[in-house]
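Visitor: let's see this in three dimensions:
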Amino acid sequence: MKRFTIVATYYQNAVTDEELDRFMTSIEAQTFKDFELLLIHDGKLLRPCKYPCIETKERKNMWGHNLRDIGIQRAQGEYILHTNADNVYTKNALEVLNDEIEPEYGVYTMHCAMMGLNNDEKLGKVWYDIPRDYSKCTVLKGYPKMGAIDLMQVCISKEVWDNAGGWSITSETSDGILIESICNIYPYKMIDALIGWHY
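Guide: This next block holds a predicted model:
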């Protein structure tokens, strides 16, 4: 069994080859090596991919969320992280996370730099400009509440995912809803460290 599984959803028309290379470079640079990567493509590949990739039979086009349960079911890791293939991890993300693991917690939250995200703390509101302006950035601190957390910030044990019934909802906002509901049931630990950049 691996310590971690990273489940990354991917679609070739939504993620450029350069963005995928950037993501894979961050995976290959991890200082903690006891992990597997499951790169799951939403539908049949449109052209050859130079990285090992799991293809689905048809395109679902739900921000990759409906592919995440495939990753949970196939994961060989004790703990599972979810992301998309255009995001980037810090090189010590898994090392820091591994050092913080304690037996009483099945859920961990970290900081994530949300590229292009605006934040008005007085209004309690976050939003993206259209088109997205990547010169802006908001760092979310791992507080498990809808609108204040992204799935990339969270590591959940395989045991908790199995007990929670896996990835059960598929809407664009489902990651915040699902994380908040899981943290209301299972003990979680907030880690004061940046895990990566979400594009």
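Visitor: the residue nearest to residue 102 when sequence neighbours are not counted: neighbour count?
Guide: The spatial neighbour of residue 102 that comes closest, neighbours along the chain excluded (C-beta to C-beta, 6 or more residues apart in numbering), is residue 189 at 6.8 Å. All C-beta spots, glycine's among them, are computed from the backbone N, C-alpha and C. By other C-beta atoms under 10 Å, 16 other residues sit near residue 189.
Visitor: quickly find the element holding residue 189.
Guide: strand 188-198 (DSSP states H and E).
Visitor: make sure residue 80 is actually in contact with residue 156.
Guide: Yes - the pair residue 80 and residue 156 passes the contact test of C-beta atoms under 8 Å, sitting 5.8 Å apart.
Visitor: follow-up on the earlier one: same question for the strand holding residue 189, mean pLDDT?
Guide: Mean pLDDT, strand 188-198: 98.
Visitor: what comes into contact with that strand?
Guide: 26, 83-84, 87-90, 93, 96-97, 100, 102, 105-115, 139, 141-144, 150, 152-153, 182 (C-beta atoms under 8 Å, 6 or more residues apart in numbering).
Visitor: more neighbours, residue 80 and residue 156?
Guide: Legend: neighbour count by other C-beta under 10 Å for residue 80 and residue 156, higher for residue 156 (25 against 22).
Visitor: quick one: the strands in this structure, in order.
Guide: Assigned by DSSP state E, the strands in the chain fall at 2-10, 35-41, 54-55, 77-84, 88-89, 107-115, 117-120, 125-128, 137-140, 154-157, 188-198.
Visitor: how about those strands in a markdown table, adding distance to residue 64?
Guide: Formatted as a markdown table, these follow (distance: least, C-beta to C-beta, whole Å):
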| stretch | distance to residue 64 |
| --- | --- |
| strand 2-10 | 3 |
| strand 35-41 | 8 |
| strand 54-55 | 12 |
| strand 77-84 | 6 |
| strand 88-89 | 16 |
| strand 107-115 | 17 |
| strand 117-120 | 18 |
| strand 125-128 | 17 |
| strand 137-140 | 19 |
| strand 154-157 | 15 |
| strand 188-198 | 13 |
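Visitor: mind checking which of those is nearest residue 18?
Guide: Residue 18 lies closest, by C-beta to C-beta, to one member of the strands of the chain: strand 88-89, at 12.0 Å.
Visitor: so residue 26 touches residue 89, yeah?
Guide: Yes - between residue 26 and residue 89 there is a contact under C-beta under 8 Å: 4.5 Å.
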